[in-house]
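J.: Just need the structure, nothing else, for what follows:
(chains A and B, ligands or ions: 2)
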Amino acid sequence: MSLLEVVDVDVLYGNVRAIQGVSLCVEAGQIVTLIGANGAGKSTTLNAISGVLPISRGAIRFKGQLISGLASHGIVRLGISQVPEGRRIFGKLTVSENISLGSFVRNDWHEIQQDRERVLELFPRLRERLRQTAGTLSGGEQQMLAMARALVARPALILLDEPSMGLAPMLVEQVFEIIKEINRQGVTILLVEQNAFAALEIADQAYVLASGAISLTGSGAELLRHEQVISAYLGEG
Amino acid sequence: MRKDFAWFVRRGLLLCAILIVCAGIIGTVRADRYSTEQWFDLVAFGLTLGGVYALIALGYSMVYGVLRLINFAHGDTMTVGVFIAYFVARGLEHTKLFETSPAVAVAIILIVGAVVSALVALLVERFAYRPVRASGGFAPLITSIGMSFLLQQTCRGMFGSGVKAYPDPGWLQGSMRIGTFSVPNVEVMVLCAAALVMAGLYLVVNGTRMGTAMRATAEDPRAAVLMGIDINKVIAFTFLLGGLTAGVGGVLYALIYKQVYFMMGFLPGIKAFGAAVLGGIGSIPGAMAGGIILGLAEGIGPTLILDGLGIPAPYQLRDLFAFALLITVLICRPQGLFGEAPARRA
Ligand SMILES: Nc1ncnc2c1ncn2[C@@H]1O[C@H](COP(=O)(O)OP(=O)(O)OP(=O)(O)O)[C@@H](O)[C@H]1O
Ligand SMILES: [Mg+2]
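T.: Numbering: from 1, shown residues only, chains lettered A, B, ... in the order given. Ligands and ions are numbered 1, 2, ... in the order given. Next up, the predicted model:
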């Protein structure tokens, strides 16, 4: 049984079908990536999994349990956290408050403190800025905060929506290192990326989304060599 | 900043306002008709009113922050609490509690007012606002106006349309000496109660999980959902806090003016809403500051400014004065004193 199964899912915005017949599987412990052009429906897929958007057809199962139709806060409780596109940190709240909100669904105070420590070890820059309002952080620091916030929920699966967006190349590399580290610590990852090359390099499994439908699938290594992928997404870079 | 027509209007208005204020103040100072003690009285009364406005304004601001809804029924939610507290107060009069331990008696009616208003606020949210929330557009706004009338008329039907005198325990009639000044006990009590409630609210909003969730939801509801926050709970919590503070504010208002009637929520409600907008709607410190400023302006303004302009019986014009101040501030600073400048549209 896969950790996450998305089966034949459609999502509509009004009458417009943003994704159709999307199916994908994420096995526990893997890094799975979903790549595709702008507007292909990547964020829509993640939001459907998170329960932010209703699906009009198909089913989504997590640990064998049907989750499509549940309220989003219930889905977070089950162990799926999303780091949304554009980070969406709470700019008026302090860094510390942002991290605390990440563990909103948990009640095990003692272990929350431990997880908080662990996360701050992973992102030492945040520790120096705990009292600062999050809006004053740099773009890179905000991305770290968004990831830290999702991690303290202690999710089984984390959905990352374009974590490298708008970051300088050096920071991008750092973000991908951290993603690998998080995965090593036992968190399964579903990664949406524009930066197809970097994403495929670290992915166990990959899906290509084109105009709302899955057009290709394979291991990260396979897709890195696939000519369609090379011409469409990898280009010269 | 581009100097368009509106810019000149704003500047012109500001200049006129400043001129009128200066002329008034100079006139008043030269006439020198009021003693220091009288000024002190006006300031104390203004602060007292301001405390009450601030308490009521908080509910408007918090609900707006989380839901982007102007809850027109807020003032009437408060009225219901004040009525129930009134009956409890009448009951307490038989027990002599007002004589033996007046502070306890006043605390009891304040708590009753707060709890009842909070319950009404929760019911209104659950059964009137929540069903129309998803439909968007003007539905929630119209619903809130409808709820306002419904609550008003229910009060009228149940408690009559006459004005009832609020109990006026002897303890509140006296006054207290501070140095050479004397302050009525009511004002001391109102200020202390308002300060306590606002401090409590501050602690809840800034120091608890639900409070933090509320601020997060106000900033970005979609991101808040992704934290596993149940938005419905946060909204109910916001109405609960708004109801509690408004209930206290309403009972204090009734203790100042010593009366209740079914429309009593209207004027303080509209002024508190003005105070919330003045402070920057959505901002909690803004609502507090806006309330205090409006109360002070209402308390001192007419005497300080209108009297100096030779306007007779200026004190009767205090409502006019309060709203004129509000409009002037909003023309010059549309987002309110503590509000953020609205995002510029392309
Ligand atoms: N709220 C919305 N209302 C209507 N259409 C929408 C909405 N959000 C997205 N869409 C449309 O749905 C399609 C998929 O959008 P989505 O945001 O999922 O793309 P994406 O793959 O994440 O793109 P990007 O790489 O730019 O983030 C697009 O055609 C978009 O225009
Ligand atoms: Mg996207």
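
J.: Please make it C-alpha for all contacts and neighbour counts, starting now.
T.: OK.

J.: in the stretch 101-250 of chain B, what residue is nearest ligand 1?
T.: Here the stretch 101-250 of chain B gets closest to ligand 1 at one residue, residue B:222, 12.1 Å apart by C-alpha to the nearest ligand atom.

J.: That residue is in what secondary structure piece?
T.: helix B:221-226 (DSSP states H and E).

J.: Run through who's touching that helix.
T.: Outside of helix B:221-226, the residues within contact range by C-alpha atoms under 8 Å, 6 or more residues apart in numbering or on different chains are A:50, A:52, A:72-73, A:76, A:81-82, A:84, A:88-89, B:66, B:213, B:216-217, B:231.

J.: Can you flag which of those belong to strands?
T.: Assigned to strands by DSSP state E, the following of those qualify: A:81, A:82.

J.: now, which of the contacts of helix B:221-226 sits nearest ligand 1?
T.: Scanning the contacts of helix B:221-226 for proximity to ligand 1, where the rule is C-alpha to the nearest ligand atom, the winner is residue A:84, at 10.2 Å.

J.: of all the contacts of helix B:221-226, which two lie farthest apart?
T.: A:81 and B:66 (22.7 Å; C-alpha to C-alpha).

J.: of the two, who's got more company?
T.: residue A:81 (31 against 22; other C-alpha atoms under 10 Å in any protein chain shown).

J.: shouldn't the more buried one be in contact with residue A:158?
T.: Yes: here residue A:81 lies in contact with residue A:158, judged by C-alpha atoms under 8 Å, at a distance of 4.9 Å.

J.: Now the common contact residues for these two.
T.: A:150, A:151.

J.: about what we covered before: which among the contacts of helix B:221-226 count as buried?
T.: A:50, A:52, A:72-73, A:76, A:81-82, A:84, A:88-89, B:66, B:213, B:216-217, B:231 (16 or more other C-alpha atoms under 10 Å in any protein chain shown).

J.: Number of residues surrounding the residue of the stretch 101-250 of chain B closest to ligand 1?
T.: Neighbour number of residue B:222 under other C-alpha under 10 Å is 16.

J.: Among the buried ones among the contacts of helix B:221-226, which ones are in helices?
T.: Counting by DSSP state H, the part of those found in helices is A:50, A:72, A:73, A:76, B:66, B:213, B:216, B:217, B:231.

J.: Who's the closest spatial neighbour of whichever residue of chain A sits closest to chain B, skipping the chain neighbours?
T.: In chain A, the residue that lies nearest chain B is residue A:73 (3.8 Å; C-alpha to the nearest C-alpha). Distances taken as C-alpha to C-alpha, 6 or more residues apart in numbering or on different chains put residue B:228 closest to residue A:73, at 3.8 Å, once the chain neighbours are dropped.

J.: my guess is that neighbour meets residue A:72, correct?
T.: Yes: using C-alpha under 8 Å, residue B:228 is in contact with residue A:72, at 6.7 Å.

J.: helix or strand right after whichever strand or helix holds residue B:289?
T.: For residue B:289, the host element (DSSP H and E) is helix B:284-301. In the C-terminal direction, the helix or strand that comes right after helix B:284-301 (DSSP H and E) is helix B:318-332.

J.: any low-confidence regions in chain A?
T.: Filtered on pLDDT under 70, chain A yields the residue ranges A:234-237.

J.: same thing with chain B?
T.: B:1-2, B:341-346.

J.: what about the strands in it?
T.: Using DSSP E, strands in chain B cover B:164-165, B:175-178, B:181-184, B:259-260.

J.: Out of these, which gets nearest to residue B:99?
T.: Nearest to residue B:99, of the strands of chain B and by C-alpha to C-alpha, is strand B:175-178 at 15.8 Å.

J.: Counting by contacts, list what the closest one packs against.
T.: Using 3 or more C-alpha pairs under 8 Å, 6 or more residues apart in numbering or on different chains; DSSP states H and E as the contact test, the elements touching strand B:175-178 are strand B:181-184, helix B:185-207.

J.: and the last one, what does it pack onto?
T.: What that stands for is helix B:185-207. Going by 3+ C-alpha pairs under 8 Å, 6+ apart, helix B:185-207 lies up against helix B:36-67, helix B:170-173, strand B:175-178, helix B:209-219, helix B:231-257.

J.: try 7 Å
T.: If you count contacts as 3 or more C-alpha pairs under 7 Å, 6 or more residues apart in numbering or on different chains; DSSP states H and E, helix B:185-207 packs onto helix B:36-67, helix B:170-173, helix B:209-219.

J.: Now distance to residue A:198 too, for those, in TSV please.
T.: Shown next, in TSV, are those (distance: least, C-alpha to C-alpha, whole Å):
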stretch	distance to residue A:198
helix B:36-67	39
helix B:170-173	74
helix B:209-219	33
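
J.: which one of the ones you listed is the most hemmed in?
T.: Stretch with highest mean neighbour count among the helices and strands packed on helix B:185-207: helix B:36-67 (a mean of 25; mean count of other C-alpha atoms under 10 Å in any protein chain shown).

J.: Quick one: closest of the helices and strands packed on helix B:185-207 to residue A:118.
T.: helix B:209-219 (21.2 Å).

J.: just how off-centre is that closest one within its chain?
T.: 22 Å (C-alpha atoms, centre = their mean, to the nearest Å).

J.: List of residues touching it?
T.: A:90, A:101, B:65, B:66, B:204, B:205, B:206, B:224, B:229, B:234 (C-alpha atoms under 7 Å, 6 or more residues apart in numbering or on different chains).

J.: Could you export that helix as CSV, CA atoms only?
T.: Taking Å, rounded to 0.1, in the frame of the first residue of the first chain, the C-alpha atoms of helix B:209-219 are listed here in CSV:
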residue,chain,number,x,y,z
ARG,B,209,-2.8,29.3,20.9
MET,B,210,-6.2,30.4,19.8
GLY,B,211,-5.2,34.0,20.0
THR,B,212,-2.2,33.3,17.7
ALA,B,213,-4.4,31.3,15.4
MET,B,214,-6.8,34.2,15.2
ARG,B,215,-4.0,36.7,14.2
ALA,B,216,-2.7,34.2,11.7
THR,B,217,-6.2,33.7,10.2
ALA,B,218,-6.7,37.5,10.0
GLU,B,219,-3.5,37.7,8.0
